[in-house]
Structure formats: structure tokens, C-alpha cells
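Colleague: I'd like to go over a predicted model; first the sequence, then the structure.
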Amino acid sequence: MRNIIKNINIKADRTLILSKLNNNRAYVLLVFIMILMSICAPNFLGTGNIVPMIKTALLPIMAGIGFTYVMIGGNFDLSIGAVINVGAAVAMGEFNRFFAAFGGEAAGTKAVVLGWIVAILIALAAGVLVGLINGLLVAKGRIHSFIVTIGMMTALTGFVYTYCKGNTISADNTLFVNILERPFIKVPYLEVFTIRFLVTVIIVIFFEVLLLKAKWGRDLLMVGSNEEAAWHAGINTQRKIIWTFIFSGFTSAFGGVMFAISMNAAVPNYGERGINPLMIVLASTIIGGTELTGGRGSVVHTTVAVLTIQAIFNGLIIMGMGFDAQVLAAGVLLAVVVLYESYSLYKQNLKKGAKAALLKEVPELKARRKSAC
Amino acid sequence: MKNLMKINCCWRLMDEEVFSVEENVCYEVNKDTRRIKLDLFSTIVTKFGVFFMIAILAVFGIIVSPKFLSGSNLLNILNAVSYLGIVATGIAFVIYSGHYADMSAPMTMAISGVICVEFMRYGLIYGIIAAVITGIIIGSINGFVIGKIRCNSVIWTMAMNFILEGLVRWSYHGTQIYPDMANEQTYKTGFFLPLMYKLDPNILNIDLEARAAAFNGLAQTYPLGAPLVLYVMFAVMIAGYIVMSKTTFGNQLKVVGSNYNVAKMSGINCTRTVMFAFIVSSVCAAIGGIFMTSLNQVGAFYVGQGYDFQAVTALILGGMSLAGGRGNMAGVFGGVFTLGLISNILTLIGIGTFTQKMITGAIFILVVYVNAKSLRKLGRDYA
């Protein structure tokens, strides 16, 4: 009897460890990739690689926050790539307009500061507006989020092209352009600490706390896992879903704004011919353990997964595989994770309703049949 | 035991009594005479669907420009959307089976076009066969993963799209392949070109010009005054119509799309049905890819870009339901034609391509909203 209990305990321990590993697979993968890459690629852990790697990851991290929220609510937001472009283009274009309106070069620093504040506010408002429309159509109009965001993506792509007139927009005044990317201290590895980095970290922490520690976030998790139960429990489910879309629009636009300011350029077709930010965000959200049907997920895990993907990209570049191999690697990674996720679900579903005592007999029966043969 | 028997008897008697009472009641109450008030607009929208939209657009077009109704203009519209029509017919099967969308269509188009260009060296027909086989392989991988393991179709096909994109880009190092190029450099990159060169170095001396001309001519032949693609589109659509509504497979697909569990319980082989739907989708995308590559006269990874979303747009406009099991081939044609009409009318007014995109997106959301709302008003859809 004791032996049996012991065996069961060991088995339970094993499954517990495995499930814990699976729940924190973003960290596990990051460590694994870091070790693998530092062996394969020379100088991978040097400051010359780590700092740019984190800097490039900031845009998908920002977009990933909103995407995770929307996915926890049980929906998709395919329009984030377009919203990033909208945020970038609107911030740049409006700055140029307001800079001229506030007096141009003659007015000096005051015009620049005021111009940037107004431009960034307008760009963020645009992102929030897009999210609000998406959310209203999904929650109140009851259209599938997939359709709504596809339509929104098409419309916004057209909008950005007409807004930019097909060109790259740069700011007329470059006084504050590099301020987001300027490191506080010029020490190796600590060069990461820029304003853009800190803002991103603060937003990630804010949304993580909102999701996992606040009542609002717990309600959202409930809406994602079972909308009807949440409704019966007195949660305004529609409003929750609208808010997830607003957050998505806000964070994507914010990411786009910061990206454009630090690059001093807004292109209408960012990510169209290269690696789409949507692709990185989608892959990292799933790798980070957010459930496809909603109800489970974490912003920090998505962030770590973005860093993992970025590490793979940079490692491949150092190994000299080129840009084309990155696309392949990201695709394979996404496919493997999706396949693993759905295969474990498939295995679970096979066992559903089956009796544990009967399942135990299966190997015995098989052995008996073999011996009979 | 005796008591039990008694109780049983009692129940039976009571049952009979209840039944008789119920019969009497049924007899007395006449038919429900309250008329269901039907919203006229909703009825029109659900009954005629996309053709209502086409009528509005046609009236609008006639007002806007006298050129609109001319034969050449209509032919232009059809020619422009015929590539989309071929791809959309395939994806219609996927949406019909309740699996949202086949996002791997663009790269299936690109990769089959590239492989067609590679195998065209042996003759055009070999190229087409190789491309179609590529489509079948991609479709069966998609179908197996989604039908057997029940992966989320959108995400899996997206992942598949990225893998295929990576494959094409990686094997070509970001370059393109031209049908009429046959120097030694060409045979160093690609999927099968190095293998071909290894097997038979004489391939360098093949007279490629005629074959390249035949391949490039695919999109530019005009039998009976209309482009070949148009005939192919109609052929694919008619075949799709027959398969979807006249065969056992089509009926099974409808049940699978309407309710997966019911289909499974009633003994339909769901895995096979879903797999077949994805194979049809990929083969259609491959055929579209061949023509698209022939039109561009170059095989590259960006050949079919944007066709996934455009096809979904056309299908939803045409009355297909993302929930599955609703829609028909006439609607598919209507949806594709509507997209062509919108872009044609906007061009006639003098609006640029990018503003057109904006307006198309807005119209799409509006139409879907109206459609969903009218379905719900008539009580046909509880979503």
C-alpha cells in the first residue's frame, strides 16, 4: 500500500514539475536559447549584441501587451501592425504641423516641446479610437473579432498611405529626436537604460499588476475563460472586452510613436516586406503561454518570449545566416509551439470521460495480447 | 415487487390519461395566428445577400460614369478579380467547414509559382503538375494538423505561411527566379534547380525561350476575346459548386461546418472531410499562383501577398458565415465581383489606390455589420 502511494506521489511530482516548467516555458526557452546561442555564436553575450537586441525588442513588447490582453479576453487583434504604423505616422505628421503652428524655428525649444506633447497625445488618441471602434464592433455589434480587425487593418493601411502620401515622414526639428534613445550612463550593458526602455518597463509592470493583482484583471480572466459564467457573476463582459481592445490600440500606438521618434522616421509600410511585428507578437504571445481561447496569460511572459525570439534573430545574424533564415526560424518556432499546445490538448481530450481504473488496465491487456500472439 | 408492479400500472394509466388530455388540448388550440413581423430591409439583405449590394453599386456606377456599362470595362473588372476568384473558391471550402480562414494561401501561391517556374524547364505541363502537387502536399499537412490534432486553424496556417515564406526566401537568398533565365548562376540556388543540374548538366543548353514564352503566355492568351484566367475561374467555380452542393463530400462538409460534434456523432469521418477541404483550398491557391507568377513573369516570395485577407473579405461579403456551414458558390462569385466593382467605380471617380483601400475596409465592416444584424433580427443567427 505504501509503495503504491509512494509511486503515485512520485508521478504527481513529475507531472507537477512538468506543468510548472510548461507554465514558465517562456523563461525556460529564453535561458535555453541564450545558452545555445552563446555557444554557437561568438560574442553573443557581449554588450554590442545584448543592448541592440533589447532595443529592437521594445516595439513588439509594447504591441504584445495589448495583444495579450485581447487574447485573454478570447479575441484576436490582427490590426496591431497597422495601428503601429498609424501611431508612428500621425505622431510625426502632427508634430510637423504643430511645430509650424507654434512658431517654427523662431520660437525655439518651447515650440518643439509643445509640438511633441500635442503630437504624441493625438497619436495615442488615434490608437485609442481605433481600439474603441474595434471593441464596440466586437462586443456590441457581435461580429467576430477576426473579421473586424481584418477590415480595420485594410482601412488603416489605406489611411496611413494617404496620410504619408507614400513617403517617409521625418520630424522638421531634430532637437528632441534622439532623447528617447540616449542612455543615462555610458557603461557596458547599462547602456540599455534609456527613457524608452524605462517607459516600456513601467507600462509592462503596470499592465501585469492590473491583470494579475487587481480585481479588474481577475474579472477579465474570468470573462476570457467563461463569458456566460462571468456575466452571471455580475461582470459587465462587454465593457471588459471593449477595454481590452482599447488597451491594444493604446499600447500599439504608443510603441509606434516611440519607435518613430527614436528612428526619426515613420514609414507607411513598416513590416510589410520584412518581418511583420504582428508575426513576432503572435508567436511570442503563444510561446508565453497565453491560451488561444482566452482565460489565461501573462504580460511578462509575453515580454520574455519576445526577447527569446529577438535572441534567436540576433544569434542567427551573428552566425551569418542572414535575414531569410530569421523568417524560417520564427515560423518553425511558432509552428512547434502551436503543435505542442494543441497536441497536449488532443491527448487530454482523448482521456476525457475515460475511467482511470480502466486506463490502468490497458498496458496489461496489451501485454496479455502480445503473449497470446 | 407487487407494489412496484402496481405503481408501474398506475403510471401507465396516468400516462394514457395525460396523453388523451393533451390531444384534446391540441385539438382545441388553432394555429398560431400572430403574424411574425418581418423587417423588410433585413429580409431583402438576407434573401439577396451580396447581389443587393451589386445592384446598388451598379446603379451608382451608371450614375458616375457612362463608360461603366461598356463591355470592355466589365471584362476588365472580371479579369482583375479572376485571380482572387480562383483563390477564394478554395478558401470558401475552408470557411464552409467552419475553420475561419486559410492564411497560408499567399505563400502557397508564391511557392507553387516558384516550383512551376523551376519545373517548367522540362515543359509547361510538368511545371503545372509539380505546382499542383506542391499544393496538395501543403494542403494535406494543414489538413492533418487541423483535422486530426484540432489545432487552431488561423494560427496554424499563419505559422505555415511563415515557414513557407522562410523556405522560399532561404532557398533563394532573397532573390527572384525568372522563367527565361538559364545561366549557371541560376542553378546554384533554389529548391530543385541544384538537383536538376546535378542529375543532368545538359539542362543548361535547353532552349528555354520557347518554354518561357509559353509560360508567360498563360496570363496573356485571349481565347474568344476573354483572358484564359477568366475561363479557369469559371471552371473552378463551377467545379466548386458541384462539389459543394451536389456531392456527398459537400453535404458532409456542411454538417461538419454547422456542428462538429453532431457530425462526429453521426459517423462522418471529420478528419478526412476537413483535410479534403484544406487540400482543395491549397490546390486552388496553387492554380492561382501559377497564373499570378505568369502575369508577373517572375517567381518570388511576394507574389500572392494580401490575397488571404482579400479572399476572406470577398467571402464574407458573399454571405459565407465564419461560423461555418452557410454560403454558396454564387455568393463567392458575388463577393469577388463586388470587390472588383468597388475598386473599378472608385477608379472611375478618380480616387487613388490607397484611399480605395481605406474605403474598401470601411465598406467591409459596414456590410458585415448589416448582414449580421439582419440575420439576428430574423432569428436565423444566435451568435
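Modeller: Good, I have the coordinates.
Colleague: Next, count neighbours for the residue of the stretch 251-373 of chain A at minimum distance from chain B.
Modeller: The minimum distance from the stretch 251-373 of chain A to chain B, using C-beta to the nearest C-beta, falls at A:Leu328 (2.6 Å). Every C-beta, even on glycine, is put in place using the N, C-alpha and C of the backbone. Counted with other C-beta atoms under 10 Å in any protein chain shown, the neighbours of A:Leu328 add up to 21.
Colleague: and the closest residue to it other than its chain neighbours, what is it in contact with?
Modeller: Counting by C-beta to C-beta, 6 or more residues apart in numbering or on different chains, B:Gly166 is the residue found nearest to A:Leu328 once chain neighbours are left out, at 2.6 Å. With contact set as C-beta atoms under 8 Å, 6 or more residues apart in numbering or on different chains, B:Gly166 has these partners: A:Asp324, A:Ala325, A:Gln326, A:Val327, A:Leu328, A:Ala329, A:Ala330, A:Gly331, A:Val332.
Colleague: if we can go back for a sec, okay, the residue of the stretch 251-373 of chain A closest to chain B: pLDDT?
Modeller: With respect to pLDDT, A:Leu328 scores 87.
Colleague: Please apply the same query to the one 3 residues further on.
Modeller: For A:Gly331, the model assigns a pLDDT of 86.
Colleague: Now do the SS call for A:Pro183.
Modeller: coil (DSSP: H, G, I helix; E, B strand; the rest coil).
Colleague: gap between the closest residue to it other than its chain neighbours and chain B?
Modeller: In space, and not counting its chain neighbours, A:Pro183 is closest to A:Glu191: 4.3 Å by C-beta to C-beta, 6+ apart. Going from A:Glu191 to chain B by C-beta to the nearest C-beta, to the nearest Å gives 31 Å.
Colleague: Contact partners for A:Glu191?
Modeller: A:Thr47, A:Val51, A:Pro183, A:Ile185 are the contacts of A:Glu191 under C-beta under 8 Å, 6+ apart.
Colleague: Relative to chain B, which of the residues you listed is nearest.
Modeller: A:Val51 (26.8 Å).
Colleague: Spatially nearest residue to A:Phe95, not counting backbone neighbours?
Modeller: Per C-beta to C-beta, 6+ apart, closest to A:Phe95 is A:Ala119, 3.8 Å.
Colleague: repeat for B:Met329
Modeller: B:Tyr241 (3.9 Å).
Colleague: follow-up on the earlier one: report the buried members of the contacts of A:Glu191.
Modeller: A:Val51 (16 or more other C-beta atoms under 10 Å in any protein chain shown).
Colleague: Kindly report the residues of the stretch 1-150 of chain B close to chain A.
Modeller: B:Tyr100, B:Ala101, B:Val145, B:Lys148, B:Ile149, B:Arg150 (C-beta under 8 Å from any C-beta of the partner chain).
Colleague: In helices, which of those fall?
Modeller: Secondary structure from DSSP state H places B:Val145 of the residues of the stretch 1-150 of chain B next to chain A in helices.
Colleague: Quick check: the farthest pair among the residues of the stretch 1-150 of chain B next to chain A?
Modeller: B:Ala101 and B:Lys148 (19.3 Å; C-beta to C-beta).
Colleague: Look at these two and report which has more neighbours.
Modeller: Between B:Ala101 and B:Lys148, counted using other C-beta under 10 Å, the more crowded position is B:Ala101 (24 against 16).
Colleague: That one against B:Val312, yeah?
Modeller: Yes - counting by C-beta atoms under 8 Å, B:Ala101 does reach B:Val312; the two are 5.0 Å apart.
Colleague: Skip the chain neighbours and tell me the closest residue to A:Ile235.
Modeller: Nearest to A:Ile235 is A:Asp219, by C-beta to C-beta, 6+ apart, at 4.9 Å.
Colleague: Quick check, pLDDT for B:Leu204.
Modeller: 78.
Colleague: can you pull the contacts of it?
Modeller: By C-beta under 8 Å, 6+ apart, the neighbours of B:Leu204 are B:Ala182, B:Asn183, B:Glu184, B:Tyr187, B:Tyr197.
Colleague: host element of B:Ile290?
Modeller: Assigned by DSSP states H and E, B:Ile290 belongs to helix B:270-296.
Colleague: Pick out the residue nearest the middle of chain A.
Modeller: A:Gly64 (1.8 Å; C-alpha atoms, centre = their mean).
Colleague: That residue belongs to a helix?
Modeller: Yes - assessed with three-state DSSP, A:Gly64 lies in a helix.
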